[in-house]
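A.B. asks: Have a look; sequence and predicted model below, questions after that.
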Amino acid sequence: MKKIWEHPWGYAEGFIVAAGVLLAGILLQLAAGNIETALFASPFNTIIGALFIAVLFVIHFLAGKKRVVRWLSSVYATIPALATLLLLAMILGLIPQFTAGPPRNSCRPTPSPPSAGTG
């Protein structure tokens, strides 16, 4: 029987890596706290997305033959990553989303100022 982390890596290693990335993300979120949502607005999201895709292309063309890169693009890494993403999406879908404090856009009508020049 094959031991964990013996090549070729399979689904067990994929789920271990996916759980490690999930744990690292949770710890990073706890350490960073609340993040300003304006950081994810255009043009920052476009620039970061383009840089991410460029890095992926560079890794593919320069290190595409490396064993780790081939494994990361295999089904043994993809299925655990998608399963972890699905689990996280289901958990986030069940958690109620609300802000602390009073609502920003209340439905109370605002009084209109008196019109000038009538009288």
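C.D. replies: Happy to help now that I have it.
A.B. asks: In contact with the residue positioned nearest the centre of the chain, which residues?
C.D. replies: Geometric centre of the chain, nearest residue: residue 25, 8.4 Å, by C-alpha atoms, centre = their mean. Residue 25 makes contact with no residue, according to C-beta atoms under 8 Å, 6 or more residues apart in numbering. Any C-beta I mention is one placed from the backbone N, CA and C, and that applies to glycine too.
A.B. asks: quick one: pLDDT of it?
C.D. replies: Per-residue confidence (pLDDT) for residue 25: 92.
A.B. asks: how much space is there between it and residue 18?
C.D. replies: To residue 18, residue 25 is 11 Å away according to C-beta to C-beta, to the nearest Å.
A.B. asks: Quick check: phi and psi on the residue lying closest to residue 70 once chain neighbours are set aside?
C.D. replies: Residue nearest to residue 70 in three dimensions, not counting chain neighbours: residue 64, with 7.4 Å by C-beta to C-beta, 6 or more residues apart in numbering. Reported as degrees, to the nearest 10, the phi and psi values for residue 64 are phi -60, psi -20.
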